[in-house]
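# Starting from these lines, generate the structure:
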Amino acid sequence: MTGTPSPRSTVEETRPLEPRLAFDLAALDRYLSGRLPGYGGPLKVSQFAGGQSNPTYLLETPARRYVLRRKPPGELLPSAHAVDREFRVMTALGKAGLPVPEMLLLCEDAGVIGTMFYVMGFAAGRHFWDPALPELDKAARAGIYDAMNAALAQLHGADPVALGLGDFGRPGNYFARQIARWSKQYKASETAPIPAMDALIAWLPDHVPAGEETAVVHGDYRLDNLIFHPTEPRVLAILDWELSTLGHPLADIAYSCMAWRFPPDLFRGIGGLDLAQLGIPGEADYVAAYCRRTGRGAIAHWPFYMAYNMFRIAAILQGVYARALAGNAADARGKEMGAKVAPIAEIALAEAKQTGA
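Sure, this is the predicted structure:
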């Protein structure tokens, strides 16, 4: 979950398998040979450089490239790393024409490579780590942000019941349940007291806005979880659905807007940059475009939605840090995440105070 400023294609972001995340390649080859249509070795496997949660690998064969995503090894927090849920939601969305990778195979047998995994098609396109998009010109940056906005609005316009996802999450009380969940997860992975996190855990449950809406929410919707067309400003695939569920769509749009509130050195932010010079829309313009696309009026209680999402990402990063200390993080840079939790929590608490309550 920590990027680099250099623009790189997805293939160039791979590296040799880390020993702690390696597995029996021969066993995987045998398994795929009998179950994946058109598959044939020899098989070459490398590991994607990004990601702190579910380890993700590039599979290369003479005929085709695939991506394998698995649960990490080791002791895990309850309900985390549900790759079977990722497979289910992307399968349903793909059948409905939404931009997701092609789902090919789910293996629930941990005996094959040590943990549950799924295989999907490799989405060839552009992948951007730095939200300032230094590799693009001004017009291209505007197009990328507009495409990101349009894909999120398309997702939230899909009917979960029509997609066969009516039971993909519990209806109602989304924010209350999420706050309780991430408070519990944070406490389970806490390594040192952070007063701002404790203050947010106390404040958030008492300030949930009234009103319920239900959509398929991604849960981690940001630029570096998208694959764009090689030449057009169009999203080809939305990646990393681990946190997806049925929930309130405003959680997703506010989450994607955290980049405007964070400085570049904190958590892939664009806060403090000259956005007009870069061609990147301001936060208000980005939100207004989403509202136009979804037929929504002005969004009330925006500071709550921002504070909630910042608290949530701080809790997630704390979990990444705790897994890294235990040796279970998917990316060795997980130990860097611990230093980000308190600053993010303090920004979140400042957002909360804007409500005047």
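# In terms of helices and strands, where is Ala315?
Element membership for Ala315 (DSSP states H and E) is helix 302-326.
# Quick check: the residue lying closest to Gly121 once chain neighbours are set aside vs Leu250, distance?
Nearest in space to Gly121, with sequence neighbours left out and distances taken as C-beta to C-beta, 6 or more residues apart in numbering, is Glu102 at 3.6 Å. In short, each C-beta sits where N, CA and C put it, glycine included. For Glu102, the distance to Leu250 equals 30 Å [C-beta to C-beta, to the nearest Å].
# neighbour-wise, which of these two wins?
Leu250 (27 against 15; other C-beta atoms under 10 Å).
# Would you agree the more buried one is in contact with Ile299?
Yes: assessed by C-beta atoms under 8 Å, Leu250 is found in contact with Ile299 at 6.4 Å.
# Identify the contacts common to the two.
Tyr305 (C-beta atoms under 8 Å, 6 or more residues apart in numbering).
# residue ranges with poor pLDDT in the protein?
Filtered on pLDDT under 70, the chain yields the residue ranges 1-12, 50-52, 74-81, 328-332, 356-357.
# which residue is nearest the middle of it?
By C-alpha atoms, centre = their mean, the chain has its centre lying nearest to Asp220, at 3.1 Å.
# What does that one show for phi and psi?
phi -150, psi 40 (degrees, to the nearest 10).
# number of nearby residues for the residue nearest to it when sequence neighbours are not counted?
If the residues on either side of it in the chain are set aside, Asp220 comes closest to Leu243, at 5.0 Å by C-beta to C-beta, 6+ apart. If you count neighbours by other C-beta under 10 Å, Leu243 ends up with 20.
# same deal with Arg170?
Around Arg170 there are 12 residues (other C-beta under 10 Å).
# Tell me if I'm right that it and Ala176 touch.
No: judged on C-beta under 8 Å, Arg170 makes no contact with Ala176 at a distance of 10.9 Å.
# Do I have it right that Ala237 meets Met103?
No: Ala237 lies out of contact with Met103 (C-beta under 8 Å); the separation is 11.1 Å.
# neighbour count winner among the two?
More crowded of Ala237 and Met103, by other C-beta under 10 Å: Ala237, with 25 against 20.
# dump the residue contacts of the more buried one.
Ala237 neighbours (C-beta under 8 Å, 6+ apart): 99-101, 123, 125, 226-227.
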